[in-house]
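*Asks:* using only what follows, build the 3D model:
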Amino acid sequence: MEALGVLVGLALLLGLVVAVLAVVGTVKAARAIATKVERHEANARRAVENVTLKAKTYTKPGPQGRISAVRLELRTSLDGTRQVLESGLVQDGQLGEALALLRRLDTHAAELDGELRLLEREPDPGRIAAKLPELRERADRITHSAETMRWAAQDRMHRFAADELSRLSQECESEAGALRHWDTSGGGTGSAAAAPGTGASSGASSGPGTAGGEAPRRAGLTDGKGARPSAEELLGLTDPLTRLADRLRKPSAGPTAG
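*Replies:* Model (predicted):
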């Protein structure tokens, strides 16, 4: 009975652990899905706002249109820099510091965008005319900082790509030289064969197949009669045919022998 109780307790404990793990996994999956949905929702909302701001720059002349243009320029600069840094972060981990600075810069840009949004709703044109130059100057500073990091990251990636291409070109040239090594070694062999030596070596070098300093040609399967195997050799009938020919060449003992 005690053993049965222990088994039941272990089974209950195992079931409890499985249930806890299932709950934890479900919560993590739900959080991941919620985060992804929020990210897509934020991107969609931002895209709609950008389209709206672009439309306002053309449809609302005056201070309202200028404010929309400043907000659109600010968003476009930050988004472009973020895309460049995030795309290059996979290959160059040093861009992570620049991405952290961009997040801090994005915080200031969000605050400035809020102020510009409030200024769009300001009914007093004098107030808009007084505040817009200051906000525009802050926006230019943020935009310039973002563009500086974006251009530096692009130059860095282009530089690394050019260096990698130069190294790859050198490796290809070295490999091409190694593949042509047979040409130089063949030239050395030919010059060594043409060098003057003893009479035996001279006679051997001037034998058939090496006249004119040409390397002896190896016989192939189908060139030359001497190199072509006969049908008897292929069928293994060489020895029986030879014995039959010897037997036919013997003089036959007959009446004409006397």
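
*Asks:* tell me where this structure has helices.
*Replies:* 2-59, 63-88, 95-120, 125-179, 181-194, 199-205, 231-235, 238-249 (DSSP state H).

*Asks:* adding mean neighbour count and mean pLDDT, write the ones you listed out as a markdown table.
*Replies:* Placement of C-beta: from N, CA and C, glycine included. Below are those laid out as a markdown table (neighbours: other CB atoms under 10 Å; pLDDT from 0 to 100):
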| stretch | mean neighbour count | mean pLDDT |
| --- | --- | --- |
| helix 2-59 | 11 | 78 |
| helix 63-88 | 19 | 90 |
| helix 95-120 | 15 | 91 |
| helix 125-179 | 13 | 89 |
| helix 181-194 | 10 | 53 |
| helix 199-205 | 10 | 42 |
| helix 231-235 | 10 | 55 |
| helix 238-249 | 9 | 63 |
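
*Asks:* any idea how far Ala32 is from the closest residue in space to Pro63 that isn't next to it in sequence?
*Replies:* Take Pro63 and drop its neighbours on the chain: the residue closest to it by CB to CB, 6 or more residues apart in numbering is Ile128, 4.5 Å away. Distance of Ile128 to Ala32, given as CB to CB, to the nearest Å: 44 Å.

*Asks:* hang on, the earlier thing: hang on, isn't the residue nearest to Pro63 packed against Leu118?
*Replies:* No - counting by CB atoms under 8 Å, Ile128 stays clear of Leu118, with 10.6 Å between them.

*Asks:* look up phi and psi at Pro123.
*Replies:* phi -80, psi -20 (degrees, to the nearest 10).

*Asks:* tell me, how many residues neighbour it?
*Replies:* By the criterion of other CB atoms under 10 Å, Pro123 has 6 neighbours.

*Asks:* any figure for the gap between it and Ala22?
*Replies:* Taking CB to CB as the criterion, Pro123 is separated from Ala22 by 58 Å.

*Asks:* and Ala100, by the same measure?
*Replies:* 37 Å.

*Asks:* grab the nearest non-local neighbour of Gly80.
*Replies:* Arg150 (6.1 Å).

*Asks:* thought Thr81 was touching that neighbour, still the case?
*Replies:* Yes - Arg150 lies in contact with Thr81 (CB under 8 Å); the separation is 4.0 Å.
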